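K.L.:
3D model of this:
(2 chains)
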Amino acid sequence: MKAKIHKFVQNGTYILLDINSGAVHVIDKMIYDIMDTFTGENDDEVIAAWENTYKKDDLTEALDELHALMDEGELFAPDIDVPPTFKQKGLVKSLCLMIAQDCNLRCKYCFGDGGSYGQERAIMSPETGMKAVDFLIKSSGPRKHLEMDFFGGEPLINMKTVKAVTEYARKREQETGKKFKLTLTTNGLLLNDENIKWLNDNDFSLVLSLDGRKEVHDAMRPDVGGNGSYDRAIKNFHKCLDSRKGGDWDYRGVYTYLRGTYTKNNMDFTKDVLSMNDEGFDILSMEPVVLKDSPLGFTEEDLPRISEEYDKLTEAYMKRHHEGKGFFFFHFNMDLSNGPCVAKRLSGCGAGHEYFAVAENGDLYPCHQFVGREGYRLGSLDEGVTDTKLPQYFRESHVLNKEKCRDCWSRFFCSGGCHANADLFHGDIRKPYEVGCEIQKKRLECAIYVQAMLELEKLEKEDETA
Amino acid sequence: MMKHIKTVNKPSMQKTLKTGGCGECQASCQSACKTSCTVGNQVCEK
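P.N.:
Predicted coordinates:
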């Protein structure tokens, strides 16, 4: 049976999520308890089950409140099936360009084999990059907003192609009315004044990789010679951030964010998030490494410790918020009232049907993580998409078609997780990676809690001023 | 005003069964390497 509700306790607060409406209710202990019994139409049974624990009048009052929620469509909302708004075929609107399948770092957890993705080290030519722009325009049909992520390896080792592709994309924007949103992910070593100025002038959003504390970062992210990279990276990130302060940056829809990876070596990663914030960065992300059969990767045994750490991070996040020193943590961000539509929640990350990766040689893959993986080449920029079955399989691999996701409470939040991770662990994109699921669910509970608390605080303030 | 329950949002998910699907929103990669924006963490662009 599909789960209709999810209840949990986070930092001492009882929370009830109605899965099919997305309604979030902060509840008391009595409601939390009786939701073990209440089905919507068994009030007598609820009273019989709980009258030794709670007063009958209180139970009756609680049941009246629950029925009121049902009348509003905020409890036991109807099951969601694939709506007509979820088109049968996807339109590609987003590309990841493997600008350089080479890197100046040798991070110990790299899924791209030090940038090469198991292939010869090579960089993308300007011609291939420009063909990718045309491919995206052609594939995107009526979609206006398109995205290109300049990725690697380390894309800044191939600025020639970054510049040529950007110039061409801006020219094609004028000719087609499309709007390209450009993002570049970098380890920062080559983020010099000249590159910073150019990226700023060209409205790039930037994803800057840093793992938090210096000792944590240096242990995981050495350069080719084995030397730590923290000091060089942070110096450049500071310069970059300073160059983006003020002016009209907020209005251009570009962002600068610092992201890190935690491994088994730093399960106290709250310290790393706070270290990034102490360095002056306030748009942050920190995520679990995904590695199979590695001492750095996680197993089920690590889950209680990780869960405890998310509780700590949640507390620290709220504390800094209350002190007026709040920061933006990507995975606690959630718009509970105006989140994505159901069609989007089924599309998920879009890999393989709305989002492709282009390898340095112009080969197409479902996403950057699949580059070089056997059986996942979709075609090339020259040939077009030659494997038409695989994109359709990705399109249809949504939560309602995956056995383990169909009944899971988080199905409309995580949208089924990462296909590449599912393939890595099970050789099947429809069998999710369980440890990742558990971490994701804990993170979602923290996010729902954070958003609920912020909303209640806002309402309290409004009441005080009314 | 309820005594036992505080509802914190006005959810729109059921409504979007009929109105959504414009596809203009940002891609939402979830792997630990890039924008890593899980779908649930996104906002609607409309």
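
K.L.:
quick one, what contacts residue 46?
P.N.:
Assuming you mean chain A. A:34, A:37-38, A:59, A:63 (CB atoms under 8 Å, 6 or more residues apart in numbering or on different chains). (C-beta placed from N, C-alpha, C; glycine too.)

K.L.:
not what I meant, chain B
P.N.:
Counting by CB under 8 Å, 6+ apart, residue B:46 has contacts B:22, B:24.

K.L.:
Quick check: closest non-adjacent residue to the closest residue to chain A within chain B.
P.N.:
Nearest to chain A in chain B, going by CB to the nearest CB, is residue B:20, at a distance of 2.3 Å. Nearest residue to residue B:20 in three dimensions, chain neighbours excluded: residue A:341, at 2.3 Å (CB to CB, 6 or more residues apart in numbering or on different chains).

K.L.:
gap between whichever residue of the stretch 251-400 of chain A sits closest to chain B and residue A:176?
P.N.:
In the stretch 251-400 of chain A, the residue that lies nearest chain B is residue A:341 (2.3 Å; CB to the nearest CB). Going from residue A:341 to residue A:176 by CB to CB, to the nearest Å gives 26 Å.

K.L.:
Give the residue from those two that has the larger number of neighbours.
P.N.:
Per other CB atoms under 10 Å in any protein chain shown, whichever of residue A:341 and residue A:176 has more neighbours is residue A:341, with 26 against 15.

K.L.:
Now do the more buried one, the pLDDT please.
P.N.:
Note for residue A:341: predicted pLDDT of 91.

K.L.:
pretty sure it contacts residue B:16?
P.N.:
Yes - the pair residue A:341 / residue B:16 is scored as a contact, 3.5 Å apart, by CB atoms under 8 Å.

K.L.:
Low-confidence ranges, the chain, go.
P.N.:
Looking at chain A here, since you left the chain open. A:1, A:247-252 (pLDDT under 70).

K.L.:
oops, chain B please
P.N.:
If you take pLDDT under 70 as the line, chain B has these spans: B:30-38, B:40.

K.L.:
tell me which element residue A:439 falls in.
P.N.:
helix A:434-465 (DSSP states H and E).

K.L.:
residue contacts, the residue of the stretch 251-400 of chain A closest to chain B?
P.N.:
Here residue A:341 is in contact with A:85, B:13, B:16, B:19-22, B:44 (criterion: CB under 8 Å, 6+ apart).

K.L.:
Pick the one among those closest to residue A:271.
P.N.:
Of all the contacts of residue A:341, the one sitting nearest residue A:271 is residue B:44; the distance, using CB to CB, is 34.6 Å.

K.L.:
Check whether the closest one really touches residue A:340, as I assumed.
P.N.:
Yes - between residue B:44 and residue A:340 there is a contact at 5.8 Å, judged by CB under 8 Å.

K.L.:
My guess is residue A:353 contacts residue A:394. True?
P.N.:
Yes - using CB under 8 Å, residue A:353 is in contact with residue A:394, at 4.9 Å.

K.L.:
of these two, who's got more company?
P.N.:
residue A:394 (26 against 23).

K.L.:
if I pick that one, what's in contact with it?
P.N.:
A:90, A:351-353, A:366, A:419, A:429.

K.L.:
and the residue nearest to it when sequence neighbours are not counted, what are its phi and psi?
P.N.:
Leaving aside its chain neighbours, residue A:394 sits nearest to residue A:352 (2.8 Å; criterion: CB to CB, 6+ apart). Main-chain dihedrals, residue A:352, degrees, to the nearest 10: phi 90, psi -10.

K.L.:
now swap in the one 10 residues further on and tell me
P.N.:
According to degrees, to the nearest 10, the main-chain angles of residue A:362 amount to phi 90, psi 0.

K.L.:
how about it, what does it touch?
P.N.:
Taking CB under 8 Å, 6+ apart, one finds A:128, A:131-132, A:380-382 in contact with residue A:362.

K.L.:
switch the cut-off to 10 Å
P.N.:
A:98, A:124-125, A:127-129, A:131-132, A:135, A:379-383 (CB atoms under 10 Å, 6 or more residues apart in numbering or on different chains).

K.L.:
which one is it nearest to, not counting chain neighbours?
P.N.:
Nearest to residue A:362 is residue A:381, by CB to CB, 6+ apart, at 4.1 Å.

K.L.:
could you list every residue that touches that neighbour?
P.N.:
A:127-135, A:358-359, A:361-364.

K.L.:
swap the cut-off to 7 Å and go again
P.N.:
Residue A:381 is in contact with A:128, A:131-132, A:135, A:358, A:362, counting by CB atoms under 7 Å, 6 or more residues apart in numbering or on different chains.

K.L.:
ok, which pair from the residues you listed is furthest apart?
P.N.:
Between all members of the contacts of residue A:381, the farthest pair (by CB to CB) comes out as A:128 and A:135, at 10.2 Å.

K.L.:
quick one on the thing from earlier: arrange the contacts of residue A:394 in CSV, one row each, with secondary structure as further columns.
P.N.:
Shown next, in CSV, are the contacts of residue A:394 (DSSP: H, G, I helix; E, B strand; the rest coil):
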residue, secondary structure
A:90, coil
A:351, strand
A:352, coil
A:353, coil
A:366, coil
A:419, helix
A:429, coil
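
K.L.:
Spell out the secondary structure type for residue A:95.
P.N.:
strand.

K.L.:
could you redo the contacts of residue A:394 as CSV and give each row distance to residue A:225?
P.N.:
Output for the contacts of residue A:394, formatted as CSV (distance: CB to CB, whole Å):
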residue, distance to residue A:225
A:90, 43
A:351, 35
A:352, 37
A:353, 41
A:366, 34
A:419, 35
A:429, 38
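
K.L.:
top of those residues by neighbour count?
P.N.:
Top of those by neighbour count (other CB under 10 Å): residue A:351, with 31 neighbours.

K.L.:
If you tally nearby residues, what's the number for the nearest residue to that one once chain neighbours are set aside?
P.N.:
Leaving aside its sequence neighbours, residue A:351 sits nearest to residue A:367 (CB to CB, 6+ apart; 3.9 Å). When neighbours are counted by other CB under 10 Å, residue A:367 registers 24.

K.L.:
these two touch, right, residue A:367 and residue A:420?
P.N.:
Yes - the pair residue A:367 / residue A:420 is scored as a contact, 6.2 Å apart, by CB atoms under 7 Å.

K.L.:
ok, back up a step: any residues in contact with both of residue B:44 and residue A:340?
P.N.:
Joint contacts of residue B:44 and residue A:340 (CB under 7 Å, 6+ apart) are residue B:25.

K.L.:
higher neighbour count, those two?
P.N.:
residue A:340 (27 against 17).

K.L.:
what's near enough to touch residue A:93?
P.N.:
Contacts of residue A:93 (CB under 7 Å, 6+ apart): A:140, A:143, A:146-147, A:354, B:23.

K.L.:
of all the residues you listed, which comes closest to residue A:405?
P.N.:
residue A:354 (18.4 Å).

K.L.:
Around the closest one, count how many other residues there are.
P.N.:
Neighbours around residue A:354, by other CB under 10 Å: 25.

K.L.:
Of the contacts of residue A:46, which belong to helices?
P.N.:
If you go by DSSP state H, these have A:34, A:59, A:63 in helices.

K.L.:
Is it correct that the first one is in contact with residue A:65?
P.N.:
No - proximity of residue A:34 to residue A:65 does not meet the contact threshold set by CB under 7 Å, at 10.8 Å.

K.L.:
for stretch B:9-23, how far is the first residue from the last?
P.N.:
Start-to-end span of stretch B:9-23 (CA to CA, to the nearest Å) is 24 Å.
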